[in-house]
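**Student:** Fold the stuff below for me.
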Amino acid sequence: MKRLKNFLLLLAAAPVLAFASGAGPHLDKAPVNLADQDSLQRGARMFVNYCLNCHSASAMRYSRLQDIGLSEDQIKENLLFASEKPGELMKISMPKAEAKAWFGAAPPDLSVISRSRGADWLYTYLRSFYRDDSRATGWNNTVFDKVGMPHVMWSLQGEQIAHFKTVVDHEGKETHAFDRFELIKPGTVTLAEYDAQVGDLVNYLVWMGEPAQLQRKKLGIIVLVFLGIFFVVAYYLKKEFWKDIH
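**Tutor:** Got it, this is the predicted structure:
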């Protein structure tokens, strides 16, 4: 009985514990819409231009981009810049040993990064780089402190610095918390345009994490409709078979 009581108390406290363990930076809502093929195509272009130099996507083939409305010729002309072929995987030529020496750690494969990190995390992270002279790359991030990755899209967003404020917790301890960003050097696009471009990139990363999810959801709806119709037919068929017994 005592063990059962402790188990029930643990279940009751689980939501509180999950909330405490999930404490972290505020995450903005990512504008994910997998039905928007224009956004997915723009995101694929952003991915190839800014991410695929260092990060691979070894579970994705270029030819799969036809699922978001691109023709094979468009893929060849706009997304293949070396000797790759549409049927090849999205790999990079950078050796892992060299990448680790340059960045401190080999850049991770991004095939399923949206499933491991979440769309909101990626959307906030890619917009939260700031200048930090104490870092080897000159960049830091409020979502991923002391990140080894440089801000590869700084020319678009511009350069910003982060302001922090002192916060006193309930125990009287002082901590530094992020307050706001200040843009010190504008980029080639406005901040609103940059946010939209990051939204397209994150939208593509979510699609790449499971390219068949739209088809899976449509198929799931069809299966549920079929089961609903079959249930009605089976119910009246059962009544017809058992009418003489009941």
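**Student:** roughly how far is the longest helix belonging to the chain from the heart of the chain?
**Tutor:** Identified as the longest helix of the chain according to DSSP state H is helix 213-242. Centroid separation for helix 213-242 versus its chain: 34 Å, with C-alpha atoms, centre = their mean, to the nearest Å.
**Student:** Going forward, count from 515.
**Tutor:** Sounds good: first residue 515 from here, last item helix 727-756.
**Student:** From the contact counts, what lies against the stretch of helix or strand Asp693 belongs to?
**Tutor:** Assigned by DSSP states H and E, Asp693 belongs to strand 688-700. With contacts taken as 3 or more C-beta pairs under 8 Å, 6 or more residues apart in numbering; DSSP states H and E, strand 688-700 sits against strand 672-682. Any C-beta I mention is one placed from the backbone N, CA and C, and that applies to glycine too.
**Student:** buried stuff in the strand it packs on?
**Tutor:** Gly672, Glu673, Gln674, Ala676 (16 or more other C-beta atoms under 10 Å).
**Student:** returning to what we had before: quick one: average confidence on the strand holding Asp693?
**Tutor:** On average, the pLDDT along strand 688-700 is 91.
**Student:** With stretch 703-718 instead?
**Tutor:** 98.
**Student:** From the rest of the structure, what touches that stretch?
**Tutor:** With contacts defined as C-beta atoms under 8 Å, 6 or more residues apart in numbering, stretch 703-718 is touched by 544-548, 550, 553-554, 556-558, 560-561, 564-565, 628, 633, 636-637, 640-641, 667, 670-672, 697, 701.
**Student:** repeat that with 6 Å
**Tutor:** Here stretch 703-718 makes contact (C-beta atoms under 6 Å, 6 or more residues apart in numbering) with 544-546, 553-554, 556-558, 560-561, 633, 636-637, 640-641, 670-671.
**Student:** Filter the residues you listed down to the ones in strands?
**Tutor:** Using DSSP state E, no member of the contacts of stretch 703-718 sits in strands.
**Student:** Out of the buried residues of strand 672-682, which is nearest to Glu612?
**Tutor:** The closest of the buried residues of strand 672-682 to Glu612 turns out to be Glu673 (C-beta to C-beta; 27.1 Å).
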